[in-house]
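Q: Structure for this input, please:
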Amino acid sequence: MGFVGRLSVSRCLRRAGSGSVPDVPDTPPVPGDAAASGELTAAGLRAANARLRDLLADRDTRIGELQAQVAAQDARIGELQAQVADLAAQVKLNSRNSSKPPSSDGLGKPEPKSLRKTGRKPGRPKGQPGATMELTDHPDRVIRHEPGACSGCGAGLADAEQTGMERRQVTEIPQVKATVTEHQMIEKTCACCGQATRAQAPDGVNAPVQYGPRASALAAYLWHGQFLSRDRACQALGDMFGCEPSPGAVAAMARKIAAFCSPAIKEIVQALIASEVAHFDETGFRVAGKLAWVHSASAGKHVLVTVHAKRGTEGMNAAGILPSFTGIAVHDAWAPYDTYDGVAGHGLCGAHVLRELAAVTENGTDLDVIWAQQAIDALLALKNAAGAAREAGQAAVRRKDRVTHGTYFTDAAKAGIALNAARRTKLQKKRHALATRMLKRAGDYLRFARDLRVPFDNNEAERVIRMSKLRIKVSGCMRSMAGAETFCTIRSYLATAARHGISALDALILAAQGTPFIPGDA
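A: Numbering: from 1, shown residues only. A predicted model of the protein is given here:
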């Protein structure tokens with residue numbers, strides 16, 4: 001037994017309680033053997049220590065690798081969680097918390113949720129009288145129905161006195177059929193000189209076969225006024241009136257009417273340029289299979305709708321309003337509107353920012369919800385104050401209210417900037433950009449409170465431009481840019497006529513006759 005063996009035996013004996021028993025070697029020691037054993041043991045220990053150090057180093061390396069993997073996995077998990085949050089936020093976007101149109105909500109349309117805290121439910125208030133058809137005092141026909149015999153005894157009532165009457169009226173549309181008028185230009189030969197002379201055709205009768213102004217107006221009304229497709233407009237004319245023009249004929253009618261509307265469009269442009277406050281908006285419009293853009297400008301009783309291949313300043317310049325406009329431009333904070341230095345100021349749409357803030361309250365953290373809700377409350381308080389001040393005939397909201405709620409609005413924006421300063425995720429970047437814009441352009445967002453000429457939102461422009469989206473939704477894209485321009489010209493003319501109290505069909509008939517309604521003459 002070597003040194004190590006003897007040592008282990010000794011320890012075992014001591015652990016057993018026989019500490020008084022001396023270590024007795026199994027074999028007598030050999031001179032020099034102890035020293036050799038010590039050297040061998042020291043070398044073994046050094047080798048063992050080196051091996052242990054190698055193992056520890058390997059362990060530390062492995063731990064570092066595992067820690068790096070864990071860190072990478074944590075980072076990846078964080079990225080995936082951010083992506084999930086972004087996707088969840090996108091799924092939650094709808095017409096109530098973003099600029100998406102209501103038609104995009106589909107079957108998942110959210111329940112109505114008003115930001116106004118009035119407590120009143122949507123719809124007609126309880127107890128308020130409804131509306132129904134009324135009897136007219138001037139019917140076109142009157143048919144009397146008299147009883148022939150008494151319902152009690154059966155006696156005749158031919159000579160009986162009338163003692164009462166119940167009136168019932170039926171409103172009906174008589175059958176309408178297109179009529180064909182033939183114009184015969186008679187030619188006569190002079191008996192004196194033999195010269196043949198033919199009568200002149202009436203104004204507007206320019207071809208051997210053509211449609212009259214009313215038929216042309218009806219075709220344009222169905223196509224561009226009620227957004228039927230061109231083929232369905234032709235079919236409707238055939239079903240209702242017995243004359244079914246070809247699609248090409250309807251297109252020619254619309255082009256002719258649009259050309260006659262040119263004086264009215266020029267007057268609309270001049271009126272918009274001279275207005276104190278005007279609304280502007282733009283939206284995508286499919287033309288010939290490509291994305292084009294419809295631009296709108298409206299103020300008071302005048303509306304202009306144009307189409308262009310570009311969305312930005314190139315399309316705005318082509319419309320011809322903003323380059324010469326010197327009033328207050330109301331829009332949705334899209335950057336190209338700010339490039340026009342000639343405007344007196346900008347009014348940013350409050351409805352747009354309310355939708356953005358609503359999205360923050362639905363997708364943000366608890367602290368984000370606080371600042372977003374504070375901004376919402378401030379905007380709505382000023383909106384209500386502006387409505388009350390307008391009804392009272394004042395020029396602006398009280399200064400105290402403007403300062404108080406304006407401070408709430410800017411403080412909320414500052415909090416939003418601070419909470420999302422890291423901008424690590426798309427949602428944080430989006431919230432930071434929103435809060436930054438709110439703070440930077442607070443004066444434009446709150447302009448409606450200090451100048452009651454400026455409305456709270458840009459809904460007027462959105463209502464104008466919604467018609468072009470409805471046209472695409474109902475009947476598909478326009479086949480050519482020329483056709484799109486014709487559509488926009490007629491829509492401008494009809495929208496302006498409607499604001500002057502002229503029905504669409506009457507306005508189109510005037511245009512088809514070559515005497516369009518001119519806004520300046522109204």
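Q: how much space between the closest residue to Gly514 other than its chain neighbours and His308?
A: Spatial nearest neighbour of Gly514, excluding adjacent residues (C-beta to C-beta, 6 or more residues apart in numbering): Phe260 at 5.5 Å. Where you see a C-beta, it was placed from the backbone N, CA and C, and this is true even at glycine. Phe260 is 23 Å from His308, where distance means C-beta to C-beta, to the nearest Å.
Q: sorry, back to before: what sits against the residue nearest to Gly514?
A: Ala511, Ala512, Gly514, Pro516 (C-beta atoms under 8 Å, 6 or more residues apart in numbering).
Q: And it, what's its pLDDT?
A: Phe260 is assigned 96 on the pLDDT scale.
Q: Longest helix in this structure, please.
A: helix 33-92 (DSSP state H).
Q: how distant is the strand or helix carrying Ala215 from the center of its chain?
A: If you go by DSSP states H and E, Ala215 is part of helix 213-220. Helix 213-220 has its average C-alpha position 33 Å from the chain's average C-alpha position, going by C-alpha atoms, centre = their mean, to the nearest Å.
Q: so what's Asp23 scoring on pLDDT?
A: pLDDT, Asp23: 46.
Q: one step back: now the helix holding Ala215: average pLDDT?
A: 96.
Q: and the next element down the chain from the longest helix of the chain?
A: strand 187-189.
Q: which other helices and strands contact that following strand?
A: strand 196-198 (3 or more C-beta pairs under 8 Å, 6 or more residues apart in numbering; DSSP states H and E).
Q: got a list of contacts for the following helix or strand past the helix holding Ala215?
A: Per DSSP H and E, the first helix or strand lying C-terminal to helix 213-220 is helix 230-241. Here helix 230-241 makes contact (C-beta under 8 Å, 6+ apart) with 176-178, 215, 218-219, 222-223, 228, 243-247, 250-251, 475.
Q: Please pick the buried ones from these.
A: By neighbour count, with 16 or more other C-beta atoms under 10 Å, these hold 178, 215, 218-219, 222-223, 228, 243-245, 250-251, 475 as buried.
Q: So which of the residues you listed is the closest to Ala482?
A: Ala251 (9.5 Å; C-beta to C-beta).
Q: okay but that closest one is in contact with Ala482, surely?
A: No: using C-beta atoms under 8 Å, Ala251 is not in contact with Ala482, being 9.5 Å away.
Q: Tell me, how many residues neighbour Cys150?
A: 11 (other C-beta atoms under 10 Å).
Q: Next: Val305.
A: Neighbours of Val305 (other C-beta under 10 Å): 27.
Q: helices or strands up against the one helix or strand it maps to?
A: Element membership of Val305, judged by DSSP H and E, is strand 302-308. Judged by 3+ C-beta pairs under 8 Å, 6+ apart, the packing partners of strand 302-308 are helix 262-273, strand 290-299, helix 313-319, helix 459-475, helix 481-499.
Q: okay if I get the ones you listed as CSV plus distance to Cys193?
A: Listed next are the helices and strands packed on strand 302-308 as CSV, based on distance: least, C-beta to C-beta, whole Å:
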stretch, distance to Cys193
helix 262-273, 44
strand 290-299, 61
helix 313-319, 58
helix 459-475, 59
helix 481-499, 49
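Q: show me what contacts the closest residue to Met438 other than its chain neighbours?
A: Excluding its sequence neighbours, the residue lying closest to Met438 (C-beta to C-beta, 6+ apart) is Ala413, at 4.0 Å. By C-beta under 8 Å, 6+ apart, the contact set of Ala413 is Trp371, Ala375, Ala435, Thr436, Met438, Leu439, Ala442.
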